[in-house]
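Novice: Structural data only, the sequence is not supplied:
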C-alpha cells in the first residue's frame, strides 16, 4: 500500500509498504482523511523532534523511516483477537497517543504526561498518511453519525485546543489573547468561545488567518507587523487573564507574558524547535504564571459532542484537500510558502 514516510529533514517519500494486519487487541482502519499538523511540519523542517532515529521508541518499537500522520479518521475494516465493543464498518476518529500505563502520570490517568509519551505517526506505528492503519482498539473512538469523515480528521487538533483551554485558568467573562492563528490557534479561539470568554484578542501576521479568527468569534485580530500587539491588547483590556502561545516563535513568548494582567497566566501550547527566553522579573513582579500543555486526555467524546453542535467546523477550517502523491509539494511545501492556509487534508489512497 502507499504511505508517506519520514526519512529525514525535508525527506518525506511516498512509497509502497506492506499492508499491516491487526494483532490481539488491535483494529485495522481504512483511512479516510488525515490532516497535516504543525508537529508534522516541525519534523519536516527541523526534525527529528518526536521521530525516533538512533534507537527504537520504547512503546512503538519503531524508528525512522516511519509512516507519518496522526490527525486521522476512517472505517474499521478488521478486528484483532479479543476486541469487543467495536464492529467492522464503524466510523472512528483515532486518538494517537502511545502511553505505558505504568508510570506515575499514567497511574493518575494523565496518560498524555507519560514518561514514554509517543504519538502514532510521529513516534512510529502505522500512521494515517497511508491506505490503512493498525492501532490498539483503545485508540479509536466511534464517531457520531452526524459528523462527516472530514470532520473526523479535525477531532485530534480540536482536542489539543480544548485541552489547552481546560488546563488554563480561564473563567466565563474573562479576557484572553491568542498569539498565532494557525489551525490550533483558531481552534483555541473556538474553545474559548465554548468556555464563555468575554474578549478574545488574536495576534497573527497573515491577513487571511486574521479574518478567519474574526469569523470564528475573535474580538479583534492584530497584525504584529504593523502595530505593537502587547500595547494594543493592554489598551483594550488592561491585560488579559490568560494568553495562549501558539506560534513556537521565541520572541513571541515574552510578548504573551507581557500581555497578561497581574496574576495572569500564559499557556504554552506550541512544540518548539529552539530555546526561548524571557526576563523572569516580568513574571515575578506581577505574580504571573506559566503553564505548559501537551496533547489531550479523556476529551475526544466532548470534542465530538461539540462538533455536533457546530463547533470546530471543517468547512471553516479546511483550506485545501490533496492526494497523498502530492503531499510534499502541495502539502508541506505549501504550508511553508503560503501562510494563508489553515488546515490541509490528505485523502487516503485506495
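Specialist: Sure, I can see it. A quick note: this is a predicted structure, and the numbers were derived from the prediction, not measured. Numbers count the residues shown, from 1 in each chain.

Novice: okay, now the domains of this structure?
Specialist: With domains defined by automatic domain parsing, the chain comprises 2-154+312-347, 161-292.

Novice: for the record, mean pLDDT for the longest one?
Specialist: This means domain 2-154+312-347. Averaging pLDDT along domain 2-154+312-347 yields 96.

Novice: Pull out the buried positions in stretch 204-221.
Specialist: 204-206, 209-210, 212-214, 216, 218-221 (16 or more other C-beta atoms under 10 Å). For glycine as for every other residue, the C-beta is placed from the backbone atoms N, C-alpha and C.

Novice: Adding distance to residue 91, pLDDT and secondary structure, write those out as JSON lines.
Specialist: Listed next are the buried residues of stretch 204-221 as JSON lines, based on distance: C-beta to C-beta, whole Å; pLDDT from 0 to 100; DSSP: H, G, I helix; E, B strand; the rest coil:
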{"residue": "204", "distance to residue 91": "33", "pLDDT": "97", "secondary structure": "coil"}
{"residue": "205", "distance to residue 91": "37", "pLDDT": "96", "secondary structure": "coil"}
{"residue": "206", "distance to residue 91": "33", "pLDDT": "94", "secondary structure": "coil"}
{"residue": "209", "distance to residue 91": "30", "pLDDT": "95", "secondary structure": "helix"}
{"residue": "210", "distance to residue 91": "34", "pLDDT": "97", "secondary structure": "helix"}
{"residue": "212", "distance to residue 91": "27", "pLDDT": "96", "secondary structure": "helix"}
{"residue": "213", "distance to residue 91": "30", "pLDDT": "97", "secondary structure": "helix"}
{"residue": "214", "distance to residue 91": "33", "pLDDT": "98", "secondary structure": "helix"}
{"residue": "216", "distance to residue 91": "26", "pLDDT": "96", "secondary structure": "coil"}
{"residue": "218", "distance to residue 91": "32", "pLDDT": "98", "secondary structure": "coil"}
{"residue": "219", "distance to residue 91": "36", "pLDDT": "98", "secondary structure": "coil"}
{"residue": "220", "distance to residue 91": "38", "pLDDT": "98", "secondary structure": "strand"}
{"residue": "221", "distance to residue 91": "35", "pLDDT": "98", "secondary structure": "strand"}
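
Novice: Now do the strands in the stretch 201-350 of the chain.
Specialist: Counting by DSSP state E, counting those that start in this stretch, the segments of the stretch 201-350 of the chain that form strands are 220-222, 240-245, 260-268, 289-292, 318-323, 343-347.

Novice: the inter-axis angle of the third one versus strand 240-245?
Specialist: Meaning strand 260-268. Using axes from the mean of the first three to the mean of the last three C-alpha atoms, to 10 degrees, the direction of strand 260-268 lies 30 degrees away from that of strand 240-245.

Novice: Do me a favour and average the pLDDT over strand 260-268.
Specialist: Strand 260-268 carries an average pLDDT of 98.

Novice: partners of that strand, with directions?
Specialist: Using DSSP bridges, strand 260-268 pairs in its sheet with strand 240-245 (parallel), strand 289-292 (parallel).

Novice: highest average neighbour count across those?
Specialist: For the strands paired with strand 260-268, average neighbour numbers computed from mean count of other C-beta atoms under 10 Å are highest in strand 240-245, which has a mean of 28.

Novice: quick one: contacts of that strand?
Specialist: Strand 240-245 is contacted by residues 164, 168-171, 174-180, 185, 188, 199, 201, 233, 252-253, 256-257, 259-261, 264-270 when judged by C-beta atoms under 8 Å, 6 or more residues apart in numbering.

Novice: Please tabulate the strands paired with strand 260-268 in JSON lines, including the columns distance to residue 105.
Specialist: Shown next, in JSON lines, are the strands paired with strand 260-268 (distance: least, C-beta to C-beta, whole Å):
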{"stretch": "strand 240-245", "distance to residue 105": "23"}
{"stretch": "strand 289-292", "distance to residue 105": "13"}
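
Novice: Tell me which of these sits nearest to residue 152.
Specialist: strand 240-245 (24.9 Å; C-beta to C-beta).

Novice: just how off-centre is that closest one within its chain?
Specialist: 18 Å (C-alpha atoms, centre = their mean, to the nearest Å).

Novice: where does residue 77 fall, phi/psi-wise?
Specialist: Backbone geometry at residue 77, expressed as degrees, to the nearest 10, gives phi -110, psi -10.

Novice: Who does the spatially closest residue to it that is not a sequence neighbour form a beta bridge with?
Specialist: Nearest non-adjacent residue to residue 77, counting by C-beta to C-beta, 6 or more residues apart in numbering: residue 30, 4.6 Å away. Counting by DSSP bridges, residue 30 forms beta bridges with residue 75, residue 132.

Novice: now residue 30: how far from residue 97?
Specialist: To residue 97, residue 30 is 21 Å away according to C-beta to C-beta, to the nearest Å.

Novice: the more surrounded of those two?
Specialist: Per other C-beta atoms under 10 Å, whichever of residue 30 and residue 97 has more neighbours is residue 97, with 22 against 15.

Novice: List the contacts of the residue most central in space within the chain.
Specialist: The chain has residue 157 as the residue nearest its centroid, 3.5 Å off, counting by C-alpha atoms, centre = their mean. Counting by C-beta under 8 Å, 6+ apart, residue 157 touches 35, 37, 71, 183, 184, 187, 343.
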